[in-house]
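Chemist: any chance you can model this:
(chains A, B, C and D)
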Protein chains: 2
Amino acid sequence: MARKRFDDSNCSVARALNEVGDWWSLLIVLHAMYGTRRFVDFQQQLGIAKNILCDRLSKLVDNEVLRKVEAGEHGSRFEYRLTEKGRDLFPVVVALRQWGDKWNPAPDGKQLDLRDRATGQPIQPVSVCNSDGEPLTIRDVLVADDLKAAKDAG
Amino acid sequence: MARKRFDDSNCSVARALNEVGDWWSLLIVLHAMYGTRRFVDFQQQLGIAKNILCDRLSKLVDNEVLRKVEAGEHGSRFEYRLTEKGRDLFPVVVALRQWGDKWNPAPDGKQLDLRDRATGQPIQPVSVCNSDGEPLTIRDVLVADDLKAAKDAG
DNA sequence: CGAATAGGGTTGCATTATGAAACCAATTTG
DNA sequence: CAAATTGGTTTCATAATGCAACCCTATTCG
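Modeler: Next up, the predicted model:
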């Protein structure tokens, strides 16, 4: 049967996964963050089939994660650029990347080395922080009045 | 043809997506974080088909995101619990949830309300921070020596 | 005790999604 | 002008998904 969709789920993670939760979408966003903008460049860098890339790009555009703009003088050349919504996925992507680096390190041990453009200093690990900026684990937090709702949300 | 796999990709995001990048896995982890441990509870809360749930749970166990432990006195009852690797997905899940709350808010406007267990204060938005704890956007960072590698990694 | 029920799966089958490659129209480039 | 690029669409074989129906082992209920 049809793949289950979560458009109307009252779980925001489910709704988020509905937009960027498939195999390719987040990778496309990642490469867009690295500066990729053209159809062919996405295709070559990701090794994705053209029809799937078409589908994903148009869905990301529909969901306003990317914006399709005409490039080249006479049209029929396009660029796909991140919207603010798309750029806002930055912490998600970095968190995922750091998790991957930590638990499935690359064979060559290479890790993400993001630096503050202003200072040249490496960034901190992405973490959930309290109001004092102290990192918290899942055991240090509680869900206010939301746990039950989330549980039967699906 | 076979769905493309990223096991051997030298992009850690791709490798991470290989483990938790499908429709269900992150939702299972999310519910595990909310306290769900039993097969039937996952099934009912997520509305997932039993065979898919079986498959995902065993893959998550294989990837050491979950641990399958015998529960109940006489065996044949199990619990699926997060490992440290699984718990380490906390920032990813929270970041994704905050993104969903911001850009696809629930109809009832309900948002995640995570609080520091110690103080009762709400947590901060998950963000990429510099060494001083200041949040950075994607435009404030640069990728040290990694950009080219990531671009042709796929 | 016997039957019903719940937990945790597996199997079959119909429906979708995915990937590779071919094909196409409009632009650029040589 | 011919050839290659860009951005797609179409076709077809294969893999993943969802539903329902079973199975087997406990436990609970009458």
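
Chemist: ok, A:Phe6 touching A:Ser12?
Modeler: No: using Cβ atoms under 8 Å, A:Phe6 is not in contact with A:Ser12, being 9.8 Å away. Every C-beta, even on glycine, is put in place using the N, C-alpha and C of the backbone.

Chemist: neighbour count winner among those two?
Modeler: A:Ser12 (25 against 21; other Cβ atoms under 10 Å in any protein chain shown).

Chemist: what sits against the more buried one?
Modeler: B:97, B:100-101, B:104-106, B:111-112 (Cβ atoms under 8 Å, 6 or more residues apart in numbering or on different chains).

Chemist: relative to A:Gln121, which of those residues is nearest.
Modeler: B:Arg97 (28.5 Å; Cβ to Cβ).

Chemist: all strands of chain A, in order?
Modeler: In chain A, the strands defined using DSSP state E lie at A:66-71, A:77-82, A:114-116, A:128-129, A:135-136, A:141-143.

Chemist: what separation is there between A:Leu17 and DNA strand C?
Modeler: 12 Å (Cβ to the nearest atom of the strand, to the nearest Å).

Chemist: give me the distance between that residue and A:Glu79.
Modeler: Distance from A:Leu17 to A:Glu79, counting by Cβ to Cβ, to the nearest Å: 26 Å.

Chemist: neighbour count winner among these two?
Modeler: Shown here are A:Leu17 and A:Glu79; by other Cβ under 10 Å, A:Leu17 has more neighbours (25 against 17).

Chemist: mind listing the helices for chain A?
Modeler: A:12-20, A:25-33, A:39-46, A:50-62, A:84-87, A:90-103, A:147-151 (DSSP state H).

Chemist: wait, does the second one make contact with chain B?
Modeler: The reference is to helix A:25-33. Yes: using Cβ under 8 Å from any Cβ of the partner chain, helix A:25-33 reaches chain B at A:26-27, A:30-31, A:33.

Chemist: can you turn the buried part of these into a PyMOL selection?
Modeler: This is the PyMOL syntax for the buried subset of those, where burial follows 16 or more other Cβ atoms under 10 Å in any protein chain shown:
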select buried, chain A and resi 26+27+30+31+33
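
Chemist: nearest to B:Gly120, of the residues of helix A:25-33 next to chain B?
Modeler: A:Leu26 (33.7 Å).

Chemist: so for A:Leu17, what's the pLDDT?
Modeler: We note a pLDDT of 91 for A:Leu17 in this prediction.
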